[in-house]
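Visitor: what would the 3D arrangement of this be:
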Amino acid sequence: MQQHHHPVDASGVMTGPVGAEVRARLAPSENVLAELEVDLSAALRFERGLLLLTNARLLAQDAHGAVQEWPLESGMGLRLIDHAGVGTLELHDGTRRLALWRFTLGAHTAALRLVQAFERQLARVALPAGAAVGPRDEEATLCQDCGAPLPPDTEECPACARVQGPQTSTWVLLRLWRFARPYRKQLAAGFALTVASTAATLVPPYMTIPLVDDILIPYQNGQAIPVTLVAMYLGGLLAAALLAWGLGWARTYTLALVSERIGADLRTTTYEHLLKLSLDYFGGKRTGDLMARIGSETDRINVFLSLHALDFVNDVLMILMTAAILFSINPWLALVTLVPLPFIAWLIHNVRDRLRTGFEKIDRVWSEVTNVLADTIPGIRVVKAFAQEKREAQRFRDANQHNLEVNDRLNRTWSLFTPTVSLMTEIGLLVVWGFGIWLVAHNQITVGVLTAFIAYIGRFYTRLDSMSRIVSVTQKAAAGAKRIFDILDHVSNVPDPVQPARLEKVQGALTLRNVGFRYGSRSVIKGLNLDIRPGEMIGLVGHSGSGKSTLVNLISRFYDVSEGSILVDGVDLRRLRVADYRSHIGLVLQEPFLFFGTIAENIAYGKPSATRAEIIAAARAAHAHEFILRLPHGYDSLVGERGQGLSGGERQRISIARALLIDPRILILDEATSAVDTETEKEIQKALDNLVQGRTTIAIAHRLSTLRKADRLVVMDRGEVVEVGPHDELMAKEGAYWRLYEAQARRAEEDAQAAGVVIVESGLLHPAHPAGQS
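Guide: Okay, the predicted model is just below:
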């Protein structure tokens, strides 16, 4: 592998065309078979780079000027991984990874072509001279969905297939160390207390040897009992018991505090990471499933850490210390004690995988139960409106029954495992009794030694049985940890840049250059170009599915473009921190979402530090102040979940007040008046007139008449801009906008005539009068 450098500018970005230096290094005999322009660094920051595959080598150039090359050799491989829309290419030589590149969804097809060309060329390199080679790239069959070439002898497109994650392993629990590391001092103290308390519990059995051999057996032979010696032994037993109790309490309390904090940190970290993920992640997940992961799964891990992990460590220490004492007393009797261990280990090994897969399935099935609740409770009005209570109850009953059946299947395995371990330990105890009696009969050990042995063996086998039971909870915790790390390992498709640019004062100019976007393999936006001036109001119109909402989602950077770029004040959105950019955007949706809390808290959601005067001023501008004062507690009135108790128009005006309060430079109105009646629409329109003043506004509206105040209208069709201009100009063209407007006017007229009203030029509806009356 060779490495070179070429000049970069002060920001660390390659100067000139991407890969110009790499191309200049190509030999006259080299042909470029495939290329891939990557746009992410290994740390998932936006950086440009280029990969070139020739007939002799693979070359790579990164954003910092480094050029690397790898001659094609037998045994090399190029692996493509697609995880949550972020692609990864790994180059390896069969023993180690040589390099790694990452890229966004837009480059996935080119990456797949590169991998397949790499594999074909590698096969050619490995062939003897004169051997036949496979078909040329141009002859490859293409996928009907994404256009990528299909591998030979298959109809499944790797670009469209989902990558399956690895199976759960108990080792996933070790990844929890990142959350335990801040508490390593407390954990060390807890471990020391565990060692001390375990040692204290092992003292009483050892003291039975002198009690039996020096006190009881001599007494049976006619000797007097030495009261002082008995008192000393019994006092030692009491002291050991009290010491074990005190150390056990301190150990349990210390480690319980640590485990609670680890669980709290795990929940908080998972939730914070979840909030940073892009919208497409939530589009493929059920609310109940995510709630179960953050709630029940973290609780399960917390219980494992606070109780069972502590018990496991205690059991291991007890077994090791007991085994050491047993071997120190009599090695042969100690060896007999270990007879059941291989059988128990074999049983645990066989049952562990069944338990792990069973608990994973239980987690998935339990999510079905919570999903029914998450669907039904927020939609209870719809359920009752359509009298579907019995249907929803049956859905819950079916999900609950499925959960019961899966648990029953797992319990059949578990119910056989636990008694079997107990049986083996009992058999082991019988063997020890038999061998111990034989040793006593041959005067090789005393009765006191056998008594102590039996006492220690009771502890030994009890701990073995306890450890076997921990197998179940360990696999439960491992399954839960896997589901938690599935969230934590997910990378946002809208990453922050390595060195974010700063906009001191946003003017609101938006430039869209050759913007393209795909949902999976389906192209939604294609080659879109648009310039929006600061303070300009743009109306987006078009049929359903034309790409209007997708476009505003791209401008809001809920998604990143697959092709092209979007610039605000001349700066690419991807060079700005997501939170900084969105702080300048106000969003008013078709269905406003209100949180459970007071009216004032909902208005101040985007600016929690707002004063009451600022909240009232925003409400006045949104024409919401009057109806808020009519509520029982005014601005302190509680809003039900999702705004229950308020009308659609009232919720919308609170949403407008919320947008006004943050004083955004860019405003997005997504069907803000489509779900209300005419009178309410007029009130909301007054509020919107205040909201749009001096702001760059992008509005989507179902009623075209509400966009007549827009500076320009952008007509979209199938992801492309087909017309741009003011209302009057577009009407005069009699093109796509004119056809939309006329079709809507005809529908409105038909509806009005059916209702007994006529339409006047202003677009308002008035009652129709009989002929001859005025």
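Visitor: tell me how far the most centrally placed residue in the chain lies from Arg300.
Guide: Nearest to the mean C-alpha position of the chain, counting by C-alpha atoms, centre = their mean, stands Ile487 at 2.6 Å. Shown here: Ile487 relative to Arg300, a distance of 15 Å by C-beta to C-beta, to the nearest Å. Quick note: C-beta positions are derived from backbone N, CA and C, even for glycine.
Visitor: the residue of the chain positioned farthest from its centre: what secondary structure?
Guide: In terms of distance from the mean C-alpha position of the chain, Gly222 ranks first, at 76.5 Å (C-alpha atoms, centre = their mean). When classified by DSSP: H, G, I helix; E, B strand; the rest coil, Gly222 comes out as coil.
Visitor: for the remainder of this discussion, apply numbering that starts at 51.
Guide: Will do, 51 is the new start, and the previous item becomes Gly272.
Visitor: show the contacting residues for it.
Guide: When contacts are counted by C-beta atoms under 8 Å, 6 or more residues apart in numbering, Gly272 touches no other residue.
Visitor: mind checking pLDDT for it?
Guide: The pLDDT attached to Gly272 in the predicted structure is 75.
Visitor: ok, now how distant is it from Val497?
Guide: Distance check for Gly272 against Val497: by C-beta to C-beta, it reads 17 Å.
Visitor: do a quick rundown of the helices in the stretch 651-800 of the chain.
Guide: 662-671, 675-679, 698-711, 728-742, 777-783, 786-805 (DSSP state H, counting those that start in this stretch).
Visitor: which of those helices is buried the deepest?
Guide: Burial of those is given as mean neighbour count (mean count of other C-beta atoms under 10 Å); helix 698-711 ranks first at a mean of 25.
Visitor: now for that helix, which elements pack on it?
Guide: Other elements packing on helix 698-711 under the criterion 3 or more C-beta pairs under 8 Å, 6 or more residues apart in numbering; DSSP states H and E are strand 635-638, helix 649-653, helix 662-671, helix 728-742.
Visitor: so which of these comes closest to Glu721?
Guide: Of all those, it is strand 635-638 that lies closest to Glu721, at 9.3 Å by C-beta to C-beta.
Visitor: so what strands line up beside that closest one?
Guide: In the sheet containing strand 635-638, its partner strands are strand 716-720 (parallel), by DSSP bridges.
Visitor: list the contacts for Thr372?
Guide: Taking C-beta under 8 Å, 6+ apart as the contact definition, Thr372 lies against Leu252, Tyr506, Arg509, Phe510, Arg513.
Visitor: for Pro254, give me its contacts.
Guide: In this structure, Pro254 makes contact with Leu287, Ala290, Ala291, Ala505, judged by C-beta under 8 Å, 6+ apart.
Visitor: just curious, which of those residues is nearest to Ala795?
Guide: Using C-beta to C-beta, Ala291 is the member of the contacts of Pro254 that lies nearest Ala795, at 92.2 Å.
Visitor: how many neighbours does the closest one have?
Guide: 14 (other C-beta atoms under 10 Å).
Visitor: could you look up the next helix or strand downstream of the host helix or strand of it?
Guide: Element membership of Ala291, judged by DSSP states H and E, is helix 277-326. Beyond helix 277-326 on the C-terminal side, the first helix or strand identified by DSSP H and E is helix 329-333.
Visitor: quick one: low-confidence parts of the stretch 101-250 of the chain?
Guide: Regions of the stretch 101-250 of the chain meeting the criterion pLDDT under 70 cover residues 132-135, 144, 155-156, 174-220.
Visitor: pull the longest helix from the chain.
Guide: Longest helix in the chain by number of residues (criterion: DSSP state H): helix 439-491.
Visitor: quick check: next helix or strand after it?
Guide: For helix 439-491, the following helix or strand on the C-terminal side (DSSP H and E) is helix 497-538.
Visitor: list the strands paired with the following helix or strand past that following helix, with their directions.
Guide: Tracing the chain C-terminally past helix 497-538 and defining elements by DSSP H and E, one meets strand 560-569 next. As defined by DSSP bridges, the strand partners of strand 560-569 come to strand 572-582 (antiparallel), strand 613-618 (antiparallel).
Visitor: could you tell me which residues within the longest one count as buried?
Guide: Of the residues in strand 572-582, those buried by neighbour count under the rule 16 or more other C-beta atoms under 10 Å are Ser573, Val574, Ile575, Lys576, Leu578, Leu580, Ile582.
Visitor: quick one on the thing from earlier: so can I have TSV of the helices and strands packed on helix 698-711 showing distance to Arg228 and mean pLDDT?
Guide: As requested, the helices and strands packed on helix 698-711 are exported to TSV (distance: least, C-beta to C-beta, whole Å; pLDDT from 0 to 100):
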stretch	distance to Arg228	mean pLDDT
strand 635-638	34	83
helix 649-653	35	88
helix 662-671	41	88
helix 728-742	45	69
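Visitor: ok, which of those comes nearest Thr318?
Guide: Between Thr318 and these, the shortest gap by C-beta to C-beta is with helix 649-653, which sits at 21.7 Å.
Visitor: re earlier: I'd like the helices and strands packed on helix 698-711 as a markdown table, with distance to Leu90 appended.
Guide: Converted to a markdown table, the helices and strands packed on helix 698-711 look like this (distance: least, C-beta to C-beta, whole Å):
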| stretch | distance to Leu90 |
| --- | --- |
| strand 635-638 | 24 |
| helix 649-653 | 37 |
| helix 662-671 | 39 |
| helix 728-742 | 36 |
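Visitor: other SSEs contacting the longest helix of the chain?
Guide: In terms of contacts (3+ C-beta pairs under 8 Å, 6+ apart), helix 439-491 is packed against helix 381-387, helix 391-426, helix 497-538.
Visitor: out of the ones you listed, which is the most enclosed?
Guide: The highest mean neighbour count among these belongs to helix 497-538 (a mean of 20), with neighbours defined as mean count of other C-beta under 10 Å.
Visitor: what's the angle between that helix and helix 391-426?
Guide: With axes from the mean of the first three to the mean of the last three C-alpha atoms, to 10 degrees as the basis, helix 497-538 and helix 391-426 are set at 40 degrees to each other.
Visitor: give the contact list for the closest residue in space to Tyr233 that isn't next to it in sequence.
Guide: Setting aside the residues directly before and after it, Tyr233 is nearest to Val308 in space (C-beta to C-beta, 6 or more residues apart in numbering), at 4.7 Å. Val308 makes contact with Ala230, Tyr233, Gln236, Leu237, Gly240, Leu355 under the criterion C-beta under 8 Å, 6+ apart.
Visitor: distance of Ile398 relative to Leu376?
Guide: Plainly put, Ile398 is 22 Å away from Leu376 if you go by C-beta to C-beta.
Visitor: same deal with Ile412?
Guide: Note on Ile412: its distance to Leu376, by C-beta to C-beta, is 39 Å.
Visitor: now Ile706
Guide: When distance is defined by C-beta to C-beta, Ile706 is 78 Å away from Leu376.
Visitor: quick revisit: next, format the helices of the stretch 651-800 of the chain as a markdown table and append distance to Val548.
Guide: Conversion of those to a markdown table gives the following (distance: least, C-beta to C-beta, whole Å):
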| stretch | distance to Val548 |
| --- | --- |
| helix 662-671 | 36 |
| helix 675-679 | 45 |
| helix 698-711 | 31 |
| helix 728-742 | 36 |
| helix 777-783 | 43 |
| helix 786-805 | 42 |
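Visitor: Phe393 is nearest to which of these?
Guide: Proximity to Phe393 (C-beta to C-beta) singles out helix 698-711 among the helices of the stretch 651-800 of the chain, at 66.5 Å.
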